[in-house]
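In: Pasting the sequence and the predicted model now:
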Amino acid sequence: MSHSASSRGADTGAARPRNRTAVSCTALMAAIAVGTTACGSDGHPLSAKPYDAAEDVSFSAAVSDGKKADPDKPLEITAQDSDGRITDVTATDAAGRYVAGELSADGGRWHSTSPLAAGAHYTVRVSTEDEDGAPGRKVVGFDTSTPRTKKRLNVTFGPERGTYGVGQPITAELSVPVKDKAARAVVERALKVRSQPAVQGAWHWVDDKKLHYRPKEYWPSNATVRAYSNLSGIKVAERLWGGEVKPLTLTTGDRIEAVTDAASHSMTVYRNGEAIKTIPVTTGKPGFDTRNGVKVVLGKEYFVRMRGTSIGIAEGSAESYDLPVYYATRVTWSGEYVHAAPWSTGSQGAANVSHGCTGMSMANAEWFFETVRAGDIVKVVNSYGNTMDAFGNGFGDWNLTWKKWRKGSALVADTTEGPAPEDRLRLNPEPA
């Protein structure tokens with residue numbers, strides 16, 4: 001069978017036989033025949049309109065009978081005639097999500113490199129050219145089957161929708177543990193975080209059921225951050241498939257950083273890089289030294305009852321205390337706060353006398369409480385205390401270098417460090 005020149009997009013006024021290039025889809029089991037072009041002496045093959053090869057396509061029984069493709073198997077497309085080659089393949093699902101793939105250097109074979117979703121409809125657009133450079137095109141649609149298993153991996157993004165400080169990480173809580181690195185890579189590729197303005201960032205596996213996402217540096221001020229997932233219907237591991245995930249959108253406010261120097265007993269608060277207030281403070285005394293490093297504001301509590309027994313101090317001992325505390329800004333789950341400490345105003349700016357918290361006057365604590373929000377940065381330097389843990393007691397994510405943070409990603413080759421310690425949270429307040 002031959003096509004006229006007008007049907008091929010060239011204007012020679014004559015028909016000529018053309019060679020056939022058959023394209024077979026292993027997953028689709030489709031053969032696409034592609035032919036040569038009939039060009040005039042002043043025509044160019046690339047200017048020809050791609051011909052519709054519908055009459056030259058034969059389908060396998062599975063596709064012809066409307067059967068569904070196995071999502072566990074890769075999509076492969078092969079040019080069976082050495083005279084022709086594949087020039088491009090685009091495969092998308094109904095939501096417009098692309099299937100990643102690789103085309104061989106000679107154009108003889110294309111195969112998918114990302115998993116297909118189960119229970120999805122795909123549209124594949126294949127572009128070819130024959131030995132004379134004439135373009136051909138074929139569009140094929142197919143459906144994938146639904147897995148027999150009902151086990152689903154659900155993901156919950158955090159924090160809740162709202163406005164946060166520039167240090168707020170994005171969290172992803174998994175409904176079932178994922179230990180295998182290949183399975184983790186599938187999950188991580190499907191969990192997306194985008195910001196406007198755009199910044200470089202990465203996921204870090206805290207443990208088998210939790211990931212944190214942070215930028216290389218802090219988020220830009222007044223940014224919009226969106227977390228979403230392409231995990232739905234994707235096979236994660238044997239008998240485990242991705243479920244629906246509710247997206248998350250949050251915004252950031254001004255860049256607020258509070259830097260406490262335990263040696264000089266002072267805190268300087270910065271807004272967008274400019275110092276706006278310096279406050280005399282007291283931090284942890286010897287044996288109760290305040291943690292060094294970067295912490296992130298977890299929340300604010302107008303009133304907290306702080307007791308020494310919550311951290312193992314015997315009631316009635318010399319270190320025992322039971323105090324009403326106001327304007328308490330929490331920075332660790334175990335109970336480290338920035339708060340009002342009217343009982344120690346004589347030491348504020350001169351000595352460290354607290355049991356680990358950062359204390360200040362009532363007026364300064366009220367100002368700090370009203371100025372900061374969850375996600376803002378509280379950094380302590382020059383304390384004799386240990387450095388804030390990266391995970392397990394709040395958000396110490398920023399105490400890891402970018403290189404170490406990236407090693408917590410399942411997408412980084414030659415990772416030698418395992419996941420961070422398990423999350424062990426203590427909700428009792430620490431001493432004032």
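Out: Arrived safely, thanks for sending. Residues are numbered from 1 along each chain as shown.
In: how near is Ala390 to Asp207?
Out: For Ala390, the distance to Asp207 equals 12 Å [CB to CB, to the nearest Å]. Glycine gets a C-beta too; all of them are placed from N, C-alpha and C.
In: who's more crowded, those two?
Out: In this view Ala390 and Asp207 are compared by other CB atoms under 10 Å, and Ala390 has more residues nearby, 23 against 18.
In: List the contacts of that one.
Out: 396-397, 399-400, 420 (CB atoms under 8 Å, 6 or more residues apart in numbering).
In: The closest residue to Arg271 other than its chain neighbours - how many residues pack around it?
Out: Computed as CB to CB, 6 or more residues apart in numbering, the closest residue to Arg271 that is not its neighbour in sequence is Asp254, at 5.3 Å. A count of nearby residues for Asp254, using other CB under 10 Å, gives 15.
In: Check the one 4 residues further on too.
Out: Taking other CB under 10 Å as the criterion, the count of residues near Ala258 is 25.
In: quick one: contacts of the helix or strand harbouring it?
Out: Element membership of Ala258 [criterion: DSSP states H and E] is strand 256-261. With CB under 8 Å, 6+ apart as the test, strand 256-261 has contacts from 165-166, 266-271, 281, 283, 290, 338, 358, 368, 371-373, 376-382.
In: which of those residues are buried?
Out: Buried by 16 or more other CB atoms under 10 Å: 165-166, 266-267, 269-270, 281, 283, 290, 338, 358, 368, 371-373, 376-380, out of the contacts of strand 256-261.
In: Same question for stretch 107-125: list its buried residues.
Out: Buried residues in stretch 107-125, defined by neighbour count with 16+ other CB under 10 Å: 107-112, 114-118, 120, 122, 124.
In: wait, I meant stretch 203-214
Out: Under the neighbour-count criterion of 16+ other CB under 10 Å, stretch 203-214 has 203-207, 209-214 buried.
In: Show me which pair in the residues you listed is furthest apart.
Out: Of all pairs drawn from these, the widest gap by CB to CB lies between Lys209 and Arg214 and measures 18.3 Å.
In: Was I right to think the residue nearest to Arg271 contacts Asn222?
Out: Yes - using CB atoms under 8 Å, Asp254 is in contact with Asn222, at 7.2 Å.
In: on that earlier part again, now the strand holding Ala258: average pLDDT?
Out: Average pLDDT, strand 256-261: 98.
In: wait, is Ile276 part of a strand?
Out: Yes - using DSSP: H, G, I helix; E, B strand; the rest coil, the secondary structure at Ile276 is a strand.
In: which residues touch the residue nearest to it when sequence neighbours are not counted?
Out: Leaving aside its sequence neighbours, Ile276 sits nearest to Val269 (CB to CB, 6+ apart; 5.6 Å). Val269 makes contact with 256-259, 275-279, 368, 371 under the criterion CB under 8 Å, 6+ apart.
In: Which strand residues bridge Val380?
Out: Beta-bridge partners for Val380, by DSSP bridges, are Thr260, Gly293.
In: need the contact list for it.
Out: Contacts of Val380 (CB under 8 Å, 6+ apart): 259-260, 262, 283, 290-293, 295, 358, 388.
In: same thing but at 6 Å, please
Out: 260, 290, 292 (CB atoms under 6 Å, 6 or more residues apart in numbering).
In: Strand partners (parallel or antiparallel) of the helix or strand harbouring Phe142?
Out: Counting by DSSP H and E, the element that carries Phe142 is strand 135-143. Strand 135-143 pairs in its sheet with strand 51-52 (parallel), strand 121-129 (antiparallel), by DSSP bridges.
In: Turn these into JSON lines, including distance to Ala190 and mean pLDDT.
Out: Below are the strands paired with strand 135-143 laid out as JSON lines (distance: least, CB to CB, whole Å; pLDDT from 0 to 100):
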{"stretch": "strand 51-52", "distance to Ala190": "35", "mean pLDDT": "57"}
{"stretch": "strand 121-129", "distance to Ala190": "17", "mean pLDDT": "82"}
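In: and Gly312, which of the ones you listed is closest to it?
Out: With CB to CB as the yardstick, what comes closest out of the strands paired with strand 135-143 is strand 121-129 (59.6 Å).
In: which residues sit against that closest one?
Out: Residues contacting strand 121-129 (CB under 6 Å, 6+ apart): 23, 34, 84, 86-94, 135-143.
In: returning to that earlier point: let's verify the residue nearest to Ile276: helix, strand, or coil?
Out: Of the three states, Val269 takes strand under three-state DSSP.
In: partners of it in the sheet?
Out: Val269 has these beta-bridge partners by DSSP bridges: Ala258, Lys277.
In: Roughly how far does Val89 sit from Pro215?
Out: For Val89, the distance to Pro215 equals 34 Å [CB to CB].
In: for this structure, which spans come out with low pLDDT?
Out: For the chain, applying pLDDT under 70 flags the ranges 1-48, 51-66, 80-84, 147-150, 311, 413-432.
In: export stretch 250-264 as PDB, just CAs?
Out: Extracted C-alpha coordinates of stretch 250-264, given in PDB (Å, rounded to 0.1, in the frame of the first residue of the first chain):
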ATOM      1  CA  LEU A 250       2.000  27.300  53.500                       C
ATOM      2  CA  THR A 251       3.600  30.700  53.400                       C
ATOM      3  CA  THR A 252       6.500  32.200  55.200                       C
ATOM      4  CA  GLY A 253       6.600  35.600  57.000                       C
ATOM      5  CA  ASP A 254       9.600  37.800  57.600                       C
ATOM      6  CA  ARG A 255      12.900  36.200  58.400                       C
ATOM      7  CA  ILE A 256      13.000  36.400  62.200                       C
ATOM      8  CA  GLU A 257      16.200  35.100  64.000                       C
ATOM      9  CA  ALA A 258      16.900  35.300  67.700                       C
ATOM     10  CA  VAL A 259      20.500  34.800  68.500                       C
ATOM     11  CA  THR A 260      21.300  34.200  72.200                       C
ATOM     12  CA  ASP A 261      24.900  34.500  73.400                       C
ATOM     13  CA  ALA A 262      25.200  32.600  76.600                       C
ATOM     14  CA  ALA A 263      28.600  34.100  77.400                       C
ATOM     15  CA  SER A 264      27.400  37.700  77.100                       C
END
